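Colleague: here's a sequence, model it:
(one chain, ligands or ions: 2)
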Amino acid sequence: MSLRINNLLNMDPGDSDKLLHVEGWVRTKRDSKNFCFFEINDGSSLKNLQVILDKTNEEIIVIIDKISTGASVEFIGELVESPGKNQKVELKAENVILWGESPAESYPLQKKRHSFEFLREIAHLRPRTNTIGAVTRVRSALSFAIHSFFQSNDFLYIHTPIISASDCEGAGEMFQVTTLPLDKVPKGKDGLIDYNQDFFGKQANLTVSGQLEAEIYAMAMKNVYTFGPTFRAENSNTSRHLAEFWMIEPEMAFCTLDGDMAVAEDFLKYIFSYVMEHCQEDMEFFNKWIEKGLTDSLRSIIDSPFSHMTYTEAVKELQKDSSQFEFPVTWGADLQSEHEKFLTEKVFNGPVIVTDYPKEIKAFYMKMNDDGKTVRAMDVLVPRLGEIIGGSERENRHDVLLNRIKEWGLNKEDYWWYLDLRKYGSVPHAGFGLGFERVIQYVTGMQNIRDVIPFPRTVKNAEF
Ligand code: ATP
Ligand code: MN
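Modeller: Ligands and ions are numbered 1, 2, ... in the order given. Next comes the predicted model:
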C-alpha cells in the first residue's frame with residue numbers, strides 16, 4: 001500500500017530516504033515561472049499535502065498544463081521541511097503522473113463554499129469537499145467505536161433480518177417487499193390481495209427495527225447488539241428523518257432498567273471520547289465552521305454524570321413555568337423537543353435520563369410498573385438535541401405481556417414466538433435504540449441528516 005497523506009504529514013523530512021509516491025486528487029494549483037504548487041488530498045485527512053514541482057523539462061510543463069482541480073495525480077519526490085507555517089513538511093516532487101484529467105470548465109466543485117443543498121445534487125463528487133470528507137471520517141470512526149464498545153464488553157453482534165415477514169413490528173410506516181406483479185395483483189374470492197402467491201407466501205416488509213429479534217438472541221447469548229439498516233416510509237420532510245437509516249440496538253438479559261441506563265451512559269461517553277481522540281482535526285473543523293461550542297459540549301457530556309428524573313417529576317418541573325412553551329405540559333402527553341431542551345439546558349445543564357413514562361405513549365412491550373400507569377422506559381436527553389436514546393426494560397411476565405398485546409388490539413397469534421420467550425426461561429431484560437445518523441448529526445453539529453449519510457433516501461429521492 002502506498003503512503004496516505006495523513007501519515008506523510010506527521011513524518012519528519014529525514015524519515016524516508018526513498019523517493020515517495022503520493023496519490024490523490026488536486027484541490028488547488030498555483031503556477032509560477034519555474035515551478036508549480038499543488039495541494040492534493042486523498043481523503044485520509046482534512047489537511048492537504050503541499051507539493052512543489054520544478055518545471056525542469058518540457059515534458060513536465062506539458063503535463064502541468066493539463067492538471068487542474070479535481071484531477072487524479074501521482075507525485076514522486078522527497079519529503080522536505082516546509083517553509084510555510086501551515087504544515088511541517090511538503091513534497092518536493094521530481095516527477096508527476098497525471099492519471100485522470102478534470103476539465104476546469106465543467107468540474108462542478110469550485111474553490112468557493114458551496115451550499116449543502118447543491119452538494120446533495122452532486123453526491124458523487126461531494127466526498128471531495130472538506131465538510132463531507134470530515135463527516136465521512138467521523139462516521140467511519142463512530143461505527144468502529146460502536147463495535148469496539150460492545151465487543152470489548154462481551155456483547156455479540158447479531159445480524160437481524162432486513163426483510164421481515166413477522167407482523168409484529170408495527171412501528172411506523174413500512175416499505176412492502178413483494179414479487180407480485182403490480183399491474184395484476186392476484187386477489188382471492190374475498191377481493192383481498194392473495195399473499196399466498198407472494199414470494200414468502202405472506203406479506204413482507206423491510207424492517208423498522210431489529211429489537212424483537214435481538215431479544216430472541218439475548219435470551220440465549222445474554223448480551224447482544226444489532227447495528228444495521230432500518231427502513232421507514234416516513235412521509236415527513238424534516239432535517240432529522242430518512243427513509244433508510246442505521247440503528248444501534250443492544251439487548252441485555254439478566255438486566256433491569258438500572259443496568260440499561262448505566263450501559264447507555266457508558267456507551268455515549270465511550271463513543272464521544274473515541275471521536276474526540278481519533279478525529280481531533282475533523283472535530284476542530286466542525287467546532288469552527290459548523291457548530292460553535294461543539295467540542296466543549298461533547299466534553300462536558302463525557303465528564304459529567306448523567307442526571308435522572310422520572311417523567312412525572314419532569315412534568316412537575318416543566319409546569320413551574322409552562323407559559324414559555326409552545327406546547328402545553330400535561331401528564332400523559334409526550335415531551336416535546338422544547339421541553340427536552342429545557343430540562344437539559346436550563347434545569348440540569350447536562351444530560352438527563354427521564355424514566356417511567358405513561359404506558360399510553362410508549363410501546364406495548366415495555367415493562368409495566370406496579371402503579372399500572374407507567375412503564376419502565378427511559379429516554380436519554382442531551383443538550384442541543386433532546387432525545388438521543390430511547391430504551392426500556394421489557395415486559396418479561398407472560399400474562400402481563402399477553403394483556404398488553406390484547407389492550408393494544410394486536411393479534412396474539414402474530415406474537416407467538418415473542419410470547420414463547422416469556423414461557424421458557426424468561427428473565428428481566430432490557431435494551432435501547434439509537435439512530436446512527438442522529439448521533440453523527442449530534443457529534444458533528446451538521447444540521448441536515450441528508451449530509452451525514454453518503455446516499456440519503458428520502459421522500460421522492462433515491463438518486464445515486
Ligand atoms: P422521531 O420521534 O424522531 O420520529 P421515533 O420516536 O419515531 O423518532 P424510534 O421509533 O424510537 O423513533 O426509533 C429509534 C431511533 O431511531 C430514534 O431515537 C431516532 O434516533 C432514530 N430514528 C427514528 N426514525 C428515524 C428516521 N426516519 N431517520 C433517521 N433516524 C430515525
Ligand atoms: Mn418517528
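
Colleague: ok and the residue in this protein nearest ligand 1?
Modeller: Closest to ligand 1 within the chain is Gly435: 2.6 Å, counting by CB to the nearest ligand atom. In this view, the C-beta of every residue, glycine as well, is placed from N, C-alpha and C.

Colleague: which SSE is Phe285 in?
Modeller: Assigned by DSSP states H and E, Phe285 belongs to helix 280-289.

Colleague: how far off centre is that helix?
Modeller: Centroid separation for helix 280-289 versus its chain: 18 Å, with CA atoms, centre = their mean, to the nearest Å.

Colleague: ok, and what's touching it?
Modeller: With contact meaning CB atoms under 8 Å, 6 or more residues apart in numbering, helix 280-289 is reached by 45-47, 130-131, 134, 137-138, 275-276, 293-295, 298, 444-446.

Colleague: show me what contacts the residue of the chain closest to ligand 1?
Modeller: Shown in contact with Gly435 (CB under 8 Å, 6+ apart): 245-247.

Colleague: please report how far the nearest residue to Gly100 once chain neighbours are set aside lies from Asp42.
Modeller: In space, and not counting its chain neighbours, Gly100 is closest to Ser72: 4.2 Å by CB to CB, 6 or more residues apart in numbering. Note on Ser72: its distance to Asp42, by CB to CB, to the nearest Å, is 10 Å.

Colleague: now the common contact residues for these two.
Modeller: In terms of CB under 8 Å, 6+ apart, Ser72 and Asp42 are both contacted by the residues 23-25.

Colleague: ok, of the residues you listed, which come out buried?
Modeller: Using 16 or more other CB atoms under 10 Å as the burial test, the shared contacts of Ser72 and Asp42 include 23-25 as buried.

Colleague: turn the residues you listed into JSON lines, including pLDDT.
Modeller: Shown next, in JSON lines, are the buried ones among the shared contacts of Ser72 and Asp42 (pLDDT from 0 to 100):
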{"residue": "Glu23", "pLDDT": "97"}
{"residue": "Gly24", "pLDDT": "98"}
{"residue": "Trp25", "pLDDT": "98"}
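
Colleague: next step: the residues you listed restricted to strands.
Modeller: Counting by DSSP state E, the buried ones among the shared contacts of Ser72 and Asp42 place 23-25 in strands.

Colleague: kindly identify which of the contacts of Gly435 also come near ligand 1.
Modeller: Filtering the contacts of Gly435 for proximity to ligand 1 by CB under 6 Å from any ligand atom leaves 245, 247.

Colleague: next, count neighbours for the nearest residue to His159 once chain neighbours are set aside.
Modeller: Counting by CB to CB, 6+ apart, His159 lies nearest to Gly228, which is 6.7 Å off, once chain neighbours are set aside. By the measure other CB atoms under 10 Å, the count of residues near Gly228 is 17.

Colleague: next, find the distance separating Gly228 from Pro161.
Modeller: To Pro161, Gly228 is 9 Å away according to CB to CB.

Colleague: so for the two, which residues contact both of them?
Modeller: Any residue near both Gly228 and Pro161 by CB under 8 Å, 6+ apart counts here, and that gives Gly210.

Colleague: what's the burial count for Lys406?
Modeller: The number of residues packed near Lys406 is 12, by other CB under 10 Å.

Colleague: and it, helix, strand or coil?
Modeller: Of the three states, Lys406 takes helix according to DSSP: H, G, I helix; E, B strand; the rest coil.

Colleague: distance-wise, check the residue nearest to it when sequence neighbours are not counted relative to Phe364.
Modeller: Using CB to CB, 6+ apart and skipping the chain neighbours, the partner closest in space to Lys406 is Lys412 (6.9 Å). From Lys412 across to Phe364, the span is 11 Å (CB to CB).

Colleague: low-confidence ranges in the stretch 151-300 of the chain?
Modeller: Applying pLDDT under 70 to the stretch 151-300 of the chain picks out residues 167-172.

Colleague: do a quick rundown of the helices in it.
Modeller: Using DSSP state H, counting those that start in this stretch, the helices of the stretch 151-300 of the chain run over 211-221, 257-278, 280-289, 294-303.

Colleague: most packed of those?
Modeller: Comparing those by mean neighbour count (mean count of other CB atoms under 10 Å), helix 211-221 comes out on top with a mean of 21.

Colleague: contacting residues for Pro250?
Modeller: With contact taken as CB under 8 Å, 6+ apart, Pro250 is in contact with 150, 155, 214, 223-225, 263, 267, 431-432.

Colleague: tabulate those (JSON lines), appending distance to ligand 1.
Modeller: Output for those, formatted as JSON lines (distance: CB to the nearest ligand atom, whole Å):
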{"residue": "Phe150", "distance to ligand 1": "17"}
{"residue": "Phe155", "distance to ligand 1": "18"}
{"residue": "Ala214", "distance to ligand 1": "13"}
{"residue": "Asn223", "distance to ligand 1": "20"}
{"residue": "Val224", "distance to ligand 1": "17"}
{"residue": "Tyr225", "distance to ligand 1": "14"}
{"residue": "Val263", "distance to ligand 1": "16"}
{"residue": "Phe267", "distance to ligand 1": "14"}
{"residue": "Gly431", "distance to ligand 1": "11"}
{"residue": "Phe432", "distance to ligand 1": "9"}
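
Colleague: take the residues you listed and write them to JSON lines, including distance to Glu326.
Modeller: As requested, those are exported to JSON lines (distance: CB to CB, whole Å):
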{"residue": "Phe150", "distance to Glu326": "38"}
{"residue": "Phe155", "distance to Glu326": "40"}
{"residue": "Ala214", "distance to Glu326": "36"}
{"residue": "Asn223", "distance to Glu326": "41"}
{"residue": "Val224", "distance to Glu326": "40"}
{"residue": "Tyr225", "distance to Glu326": "37"}
{"residue": "Val263", "distance to Glu326": "34"}
{"residue": "Phe267", "distance to Glu326": "32"}
{"residue": "Gly431", "distance to Glu326": "32"}
{"residue": "Phe432", "distance to Glu326": "28"}
